[in-house]
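S.K.: give the three-dimensional model of this entry:
(chains A, B, C and D)
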2 protein chains.
Amino acid sequence: MNIGEASKASGVSTKMIRYYEQIKLITPPLRTEASYRTYTDNDIHTLRFIRRARDLGFSVEQMKTLLALWRDRSRASADVKVIALEHIAELERKAAAIAAMTKTLKHLASNCHGDDRPDCPIIDGFAETLGEIDHGIGAKFGLAGVK
Amino acid sequence: MNIGEASKASGVSTKMIRYYEQIKLITPPLRTEASYRTYTDNDIHTLRFIRRARDLGFSVEQMKTLLALWRDRSRASADVKVIALEHIAELERKAAAIAAMTKTLKHLASNCHGDDRPDCPIIDGFAETLGEIDHGIGAKFGLAGVK
DNA sequence: ATAATCTTTCCAATGATGGGAAGGTCAAGG
DNA sequence: CCTTGACCTTCCCATCATTGGAAAGATTAT
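M.R.: This is a model prediction of the structure:
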């Protein structure tokens, strides 16, 4: 199986497959004489595992651990559960921060008449010294660049 | 006011202040003979504005627009509201994706006994071909690197 | 005078992904 | 047999917001 077929079969882009190999998330596959990567069904299985974990928001670092646990048939299920629960906590932390931002913004927007007059509580809310916007959780999230 | 004092007064790191200058989010301040940047109260005001917008998850690009609107005293409040509402929609999209991930993970975790036995529905859920995990919204979020 | 604490610029790294160039390979059809 | 198109290879660069550090110069305090 070429990398293109592996990509289609797993849902992981060829770019990312090569990247995952480079950062040693997956082991280098065999190559043909022309240096083409060839993937086995087992490799596809691993890639699909990775794709699902990624879709659930796990980082590469976490996926490394999860893959190791997956391959270790004698590991305790508790070890896996710890990672999952930590990730759930992280997701909930992010959800709370986003909810706080949304709430503040909605409050500002609801007070803005949104016509062609210039006065605007949203802009004023940013500019005025009303004290710091408090998201409780610490809202410095790198959410701007999220696709 | 030196850059260090400006940083403390605004809550924006010196690194970021220089960066915002470089990408032309803010205008270059006056310099002393020794090339030290000096910030006015007005500059601090702008930096605090930026900090609040950033805390609400606005991107640099959005902040550029917001700053222009802030400075334009004759702009319509509707122009500001549009940006705010778009950002709210974006945040809600992210929140939904996170909620979907959390739900799936919690479901998997709840079925995992979490003791020292090896069988684990979480890992199995990643590995088995159960069909793709569907987050409805498309869950490819760059949430892994979020602090 | 000297040490500590600023400041400056420049360069690099992060995490996960995409884009593209330059060149090699393979399969199908003329 | 040769061309064409669709692959594959490696390598480098860009994104986004932010942090880190090094080397050198300036200011402040002891």
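S.K.: how near is A:A76 to B:D116?
M.R.: Look at A:A76 and B:D116: by Cβ to Cβ, to the nearest Å, they are 4 Å apart. Every C-beta, even on glycine, is put in place using the N, C-alpha and C of the backbone.
S.K.: which of the two has more neighbours?
M.R.: Legend: neighbour count by other Cβ atoms under 10 Å in any protein chain shown for A:A76 and B:D116, higher for A:A76 (17 against 11).
S.K.: count the neighbours of A:L56 for me.
M.R.: A:L56 has 26 nearby residues by other Cβ under 10 Å.
S.K.: which parts of chain A are strands?
M.R.: Listed in chain order, the strands of chain A (DSSP state E) span A:30-31, A:37-38.
S.K.: show the pLDDT at the residue most central in space within chain A.
M.R.: In chain A, the residue lying closest to the centroid (Cα atoms, centre = their mean) is A:G57, at 3.7 Å. At A:G57, the pLDDT value in this model is 92.
S.K.: so it is in contact with A:A95, correct?
M.R.: No. Applying Cβ atoms under 8 Å as the test, A:G57 and A:A95 come out as separate, 11.2 Å apart.
S.K.: joint contacts of the two?
M.R.: Common contacts of A:G57 and A:A95 (Cβ atoms under 8 Å, 6 or more residues apart in numbering or on different chains): B:I98.
S.K.: domains of chain A?
M.R.: A:3-71, A:85-127 (automatic domain parsing).
S.K.: A:S13: how many residues sit nearby?
M.R.: By other Cβ under 10 Å, the burial measure for A:S13, its neighbour count, is 11.
S.K.: how close does it get to DNA strand D?
M.R.: Distance, A:S13 to DNA strand D, by Cβ to the nearest atom of the strand, to the nearest Å: 10 Å.
S.K.: mind listing what that residue touches?
M.R.: A:S7.
S.K.: state the pLDDT value of it.
M.R.: Looking at A:S13, its pLDDT stands at 96.
S.K.: which positions within the helix ranked longest in chain A qualify as buried?
M.R.: Identified as the longest helix of chain A according to DSSP state H is helix A:77-110. Buried residues in helix A:77-110, defined by neighbour count with 16 or more other Cβ atoms under 10 Å in any protein chain shown: A:77, A:79-81, A:83-85, A:87-88, A:90-91, A:94-95, A:97-102, A:104-105, A:108-109.
S.K.: check the offset of it from the chain's centre.
M.R.: 13 Å (Cα atoms, centre = their mean, to the nearest Å).
S.K.: between that helix and helix B:77-110, how many degrees?
M.R.: 160 degrees (axes from the mean of the first three to the mean of the last three Cα atoms, to 10 degrees).
S.K.: how about helix A:77-110 and DNA strand D, any contact?
M.R.: No. Looking at helix A:77-110 against DNA strand D by Cβ under 7 Å from any atom of the strand, there are no contacts, and the closest approach is 13.0 Å.
S.K.: briefly note if that helix comes near DNA strand C.
M.R.: No. Counting by Cβ under 7 Å from any atom of the strand, DNA strand C is not contacted by helix A:77-110; separation bottoms out at 11.7 Å.
S.K.: next: stretch A:32-41.
M.R.: Yes. Stretch A:32-41 is in contact with DNA strand C by Cβ under 7 Å from any atom of the strand, via A:32-36.
S.K.: do any residues in that stretch lie close to DNA strand D?
M.R.: Yes. Stretch A:32-41 reaches DNA strand D (Cβ under 7 Å from any atom of the strand) through A:35-37.
S.K.: on that earlier part again, tell me what the longest helix of chain A is packed against?
M.R.: On a contact count with 3 or more Cβ pairs under 8 Å, 6 or more residues apart in numbering or on different chains; DSSP states H and E, helix A:77-110 meets helix A:60-71, helix A:121-127, helix B:77-110, helix B:121-127.
S.K.: one step back: hey, least reliable of the domains of chain A by pLDDT?
M.R.: When the domains of chain A are compared by mean pLDDT, domain A:85-127 comes last with a mean of 88.
S.K.: span of stretch A:69-77 from start to end?
M.R.: Start-to-end span of stretch A:69-77 (Cα to Cα, to the nearest Å) is 9 Å.
S.K.: list the buried ones in it?
M.R.: Buried-residue list, stretch A:69-77, by 16+ other Cβ under 10 Å: A:69-70, A:75-77.
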